[in-house]
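Chemist: Return a 3D structure for these sequence lines:
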Amino acid sequence: MAHTFTVALNDEIAAVLGRVESAITESGGTFQGDSSKGVFQGISVMGPVKGEYSSVSENEIRITINDKPFIVPYSMIEGEIKKYFS
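Modeler: Sure, this is the predicted structure:
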């Protein structure tokens, strides 16, 4: 089951995505996409988190978590992802 949420951005989408891509890839994950849409896989202590994003507007992005460790609640993942984008 997927979980989708929207994040308000405090900066230009390209700048935010650049920071997010660096953070994810530096910690061993993968990130592919552009300012309109893309996919990512992050590494957590409990296992991989896979998702996708799409631009809603110039200051909002929609994120869908497609796969996560069973034991980790979506609310925890959403909170961590929002930190990346703020």
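Chemist: what residues does the lowest-mean-pLDDT helix or strand in the chain touch?
Modeler: Least confident helix or strand, the chain: helix 74-85 with a mean of 89, by mean pLDDT, DSSP states H and E. Helix 74-85 has contacts (Cβ atoms under 8 Å, 6 or more residues apart in numbering) with 3, 5, 7, 9, 16, 19-20, 23-24, 44, 49, 51, 61, 63, 65, 68. C-betas here are computed from N, CA, C, even on glycine.
Chemist: Repeat that for stretch 11-25.
Modeler: Contacts of stretch 11-25 (Cβ under 8 Å, 6+ apart): 9-10, 30-31, 33-35, 38, 40-42, 55, 58-59, 61, 84-85.
Chemist: Whichever of the contacts of helix 74-85 end up buried, select them in PyMOL.
Modeler: Buried subset of those, written as a PyMOL selection, criterion 16 or more other Cβ atoms under 10 Å:
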select buried, resi 7+9+16+20+24+49+51+61+63+65+68
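Chemist: tell me how far the least confident helix or strand of the chain is from the chain's mean position?
Modeler: When distances are taken as Cα atoms, centre = their mean, to the nearest Å, helix 74-85 is centred 8 Å away from the chain's centroid.
Chemist: Check stretch 71-78 too.
Modeler: Remark: stretch 71-78 is offset 13 Å from the chain centroid, using Cα atoms, centre = their mean.
Chemist: which of the residues in it are buried?
Modeler: Going by neighbour count (16+ other Cβ under 10 Å), the buried part of stretch 71-78 is 72, 77.
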